[in-house]
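Colleague: fold the following and give me the result.
(one chain, ligands or ions: 2)
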Amino acid sequence: MYLGVDCGTQGTKVVILDPEQARIRGEGQAAHELISAANGRREQRVEWWTHAFRQAYRQALDRAGIDGRAIRAIGVSGQQHGMVLLDRAGAVIRPAKLWCDTESAAQNAQLVAQLGGEAGCLERLGLVPATGYTLSKLLWLKQHEPEAFGRIGTILLPHDYLNYWLTGECAAERGDASGTGYFDVRTRRWAPEVLALIAPDGRLERALPRLLRAEEPVATVRPALARELGLAEGVLVASGGGDNMMGAIGTGNIADGIVTLSLGTSGALYACTERPPVLSSPLVAPFCSSSNAWLPLICTMNLTGVVHQVRTLFGYDLERFQQEADRAGIGAGGITLLPFLNGERVPALPRASGSLLGLNTQNLTPANLCRAALEGTTFGLRHGLDLLRASGIRCDSIRLIGGGARSPLWRRLVAEILDTQVVCPRVGEAAALGAAIQAAWCEQHQRGTGVSLAELCGRFVALDPDSAVTPEAGAVARYRDAYQRYRRHLNQLHPDA
Ligand SMILES: Nc1ncnc2c1ncn2[C@@H]1O[C@H](COP(=O)(O)OP(=O)(O)O)[C@@H](O)[C@H]1O
Ligand SMILES: O=C(CO)[C@@H](O)[C@H](O)COP(=O)(O)O
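Modeller: Ligands and ions are numbered 1, 2, ... in the order given. Reported below is the predicted structural model:
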């Protein structure tokens with residue numbers, strides 16, 4: 001069996017993949033807490049992740065009805081861009097600053113300017129660092145917590161940290177590393193000269209972990225932890241990757257022509273390309289994939305969290321929220337929500353706040369506000385898909401994953417606002433599945449069986465035809481009007497967007 005673990009923003013999900021029966025034997029999940037402040041701070045303590053890992057693992061094992069000794073290899077997927085710092089003795093210095101932390105927006109602007117603006121960044125890194133990438137968090141730390149900055153021994157990403165907790169070894173892989181802002185996505189190597197802008201003495205360069213290829217293992221599970229988790233000796237830990245890189249593997253998105261959309265805490269829309277993509281806009285992030293290729297990606301920061309806040313406002317559970325949003329109908333009675341509750345990445349408005357527009361005496365109802373939350377967040381993804389298509393990405397159909405994909409209403413909204421057919425994979429926790437598949441790939445590679453990732457995806461990824469939604473022409477036309485209204489409001493309120 002192979003264990004796949006996805007440490008997302010809101011929780012950790014675990015799947016146990018049975019390779020003989022080509023099916024998931026058990027799943028588990030556990031929620032994370034979040035440190036959040038009005039200035040954009042978004043942080044988590046790493047022990048919340050390991051606690052959730054243990055809980056979700058035990059749940060999955062119970063549901064699978066198997067012994068931990070049946071597990072041969074583990075793959076870990078993690079929220080991208082987070083900054084986890086170890087001191088020189090290997091202890092964690094402070095809570096992790098997350099991908100959605102906008103507190104370092106000013107530091108990001110400063111670094112982009114020092115690198116020569118957009119053109120300079122593209123020249124030196126092959127991408128333009130956005131607020132939320134790891135790079136600006138390091139400058140923020142130097143300016144705000146110099147004592148902690150002085151203690152840095154190793155810089156890790158969230159999934160690298162979990163690999164370190166599992167094995168005691170520090171390593172990184174190129175997919176997740178490509179979202180740091182100090183990695184050249186074209187040469188697939190660290191770009192230490194960028195870190196020298198923050199620490200000219202080379203101390204940050206020395207804190208970078210070694211880079212692995214996607215099919216390489218980090219090491220085996222530490223004996224003490226293996227005993228605690230009931231694992232056999234010598235269980236391999238694969239290189240793992242960012243949750244979107246793993247979501248790509250878990251949806252079979254490892255060759256040109258497929259687009260995956262994750263409706264998680266973030267909205268992430270991505271494709272796989274054999275070569276670095278030619279960008280239509282610096283908002284497209286040309287990350288590396290965890291299948292040794294590239295993963296052009298668009299990410300919006302405000303998605304299921306906005307739905308959560310609006311439904312909490314009215315005291316609705318998820319089912320009631322859907323009923324109200326459904327009742328409101330297309331266009332939300334003329335109300336538009338620009339949902340930038342914690343700033344936004346696409347469009348690049350890290351310091352923006354949200355706006356509710358088009359209110360009148362007739363349309364101000366809970367139902368319309370619920371609908372406006374779903375529409376406003378999905379309009380951002382429409383813009384993202386247009387940017388990906390303008391970069392030459394073909395998109396005939398979208399593979400929809402993440403918590404929001406469980407909603408039939410949201411699936412239809414995505415299909416009709418993006419005017420593209422949508423289908424969900426049978427395994428909804430696609431990032432965890434992708435991690436389990438990568439673990440299988442790693443283990444087969446170690447044994448020299450020659451089995452390719454494509455063969456493994458072919459065996460373990462299946463689509464659910466019952467979830468497929470084909471856009472209906474009348475609805476597409478009405479959403480087009482609502483989207484134009486959204487764009488007008490956006491341009492008026494945020495001419496820089
Ligand atoms: N049926 C549903 N409709 C809408 N949202 C849902 C539904 N089921 C789960 N969600 C939302 O999905 C979110 C979690 O998605 P997930 O992809 O696990 O996030 P992450 O990986 O960022 O932790 C939660 O906000 C949850 O409310
Ligand atoms: O920052 C990005 C992508 O660049 C996000 O997609 C994070 O990777 C968080 O993912 P979720 O918690 O939404 O799965």
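Colleague: pretty sure residue 17 contacts residue 438?
Modeller: No: using CB atoms under 8 Å, residue 17 is not in contact with residue 438, being 10.6 Å away. C-beta here means a position set from N, CA and C on the backbone, and glycine is covered the same way.
Colleague: between these two, who's got more neighbours?
Modeller: residue 438 (33 against 28; other CB atoms under 10 Å).
Colleague: got phi/psi on the more buried one?
Modeller: Dihedral pair for residue 438: phi -60, psi -40, per degrees, to the nearest 10.
Colleague: do residue 285 as well
Modeller: Torsion angles, degrees, to the nearest 10, at residue 285: phi -100, psi 110.
Colleague: now for residue 17 and residue 438: what residues contact both?
Modeller: Common contacts of residue 17 and residue 438 (CB atoms under 8 Å, 6 or more residues apart in numbering): residue 4.
Colleague: state the distance from the closest residue to ligand 1 within the stretch 351-497 of the chain to residue 141.
Modeller: In the stretch 351-497 of the chain, the residue found nearest to ligand 1 is residue 403; the distance is 2.0 Å by CB to the nearest ligand atom. Distance of residue 403 to residue 141, computed by CB to CB, to the nearest Å: 31 Å.
Colleague: report pLDDT for residue 90.
Modeller: Confidence at residue 90, expressed as pLDDT, is 98.
Colleague: where do the strands sit along the stretch 1-150 of the chain?
Modeller: 2-7, 11-18, 23-31, 35-36, 42-44, 73-78, 84-86, 96-97 (DSSP state E, counting those that start in this stretch).
Colleague: correct me if wrong: the residue of the stretch 351-497 of the chain closest to ligand 1 contacts residue 264.
Modeller: Yes: Residue 403 is within contact range of residue 264, at 6.0 Å (criterion: CB under 8 Å).
Colleague: any residues in contact with both of the two?
Modeller: Between them, residue 403 and residue 264 share the contacting residues 10, 304, judged by CB under 8 Å, 6+ apart.
Colleague: compare these two (neighbour count), which wins?
Modeller: The neighbour comparison of residue 403 against residue 264 (other CB under 10 Å) goes to residue 264, with 24 against 21.
Colleague: contacts only, for that one.
Modeller: Taking CB under 8 Å, 6+ apart as the criterion, residue 264 is in contact with 8-10, 243, 303-304, 402-404.
Colleague: so where does residue 465 fall, helix or strand?
Modeller: Counting by DSSP states H and E, the element that carries residue 465 is strand 463-469.
Colleague: enumerate the positions of that strand that are buried.
Modeller: 467, 469 (16 or more other CB atoms under 10 Å).
Colleague: give the rounded mean pLDDT of the next helix-or-strand element following that strand.
Modeller: Next in sequence after strand 463-469, counting helices and strands by DSSP H and E, comes helix 473-493. The pLDDT scores in helix 473-493 average 98.
Colleague: just the C-alphas of helix 473-493, formatted as PDB.
Modeller: C-alpha atoms of helix 473-493 as PDB (Å, rounded to 0.1, in the frame of the first residue of the first chain):
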ATOM      1  CA  ALA A 473     -25.600  28.100 -23.900                       C
ATOM      2  CA  GLY A 474     -28.300  30.300 -22.400                       C
ATOM      3  CA  ALA A 475     -26.600  30.200 -19.000                       C
ATOM      4  CA  VAL A 476     -23.200  31.000 -20.500                       C
ATOM      5  CA  ALA A 477     -24.600  34.100 -22.200                       C
ATOM      6  CA  ARG A 478     -26.200  35.400 -18.900                       C
ATOM      7  CA  TYR A 479     -23.000  34.800 -17.000                       C
ATOM      8  CA  ARG A 480     -21.000  36.600 -19.700                       C
ATOM      9  CA  ASP A 481     -23.100  39.700 -18.900                       C
ATOM     10  CA  ALA A 482     -22.500  39.300 -15.200                       C
ATOM     11  CA  TYR A 483     -18.800  38.800 -15.800                       C
ATOM     12  CA  GLN A 484     -18.600  42.000 -17.900                       C
ATOM     13  CA  ARG A 485     -20.300  43.800 -14.900                       C
ATOM     14  CA  TYR A 486     -17.600  42.300 -12.600                       C
ATOM     15  CA  ARG A 487     -14.800  43.500 -14.900                       C
ATOM     16  CA  ARG A 488     -16.300  47.000 -15.100                       C
ATOM     17  CA  HIS A 489     -16.500  47.300 -11.300                       C
ATOM     18  CA  LEU A 490     -13.000  45.800 -11.000                       C
ATOM     19  CA  ASN A 491     -11.500  48.300 -13.500                       C
ATOM     20  CA  GLN A 492     -13.300  51.300 -11.800                       C
ATOM     21  CA  LEU A 493     -12.300  50.400  -8.300                       C
END
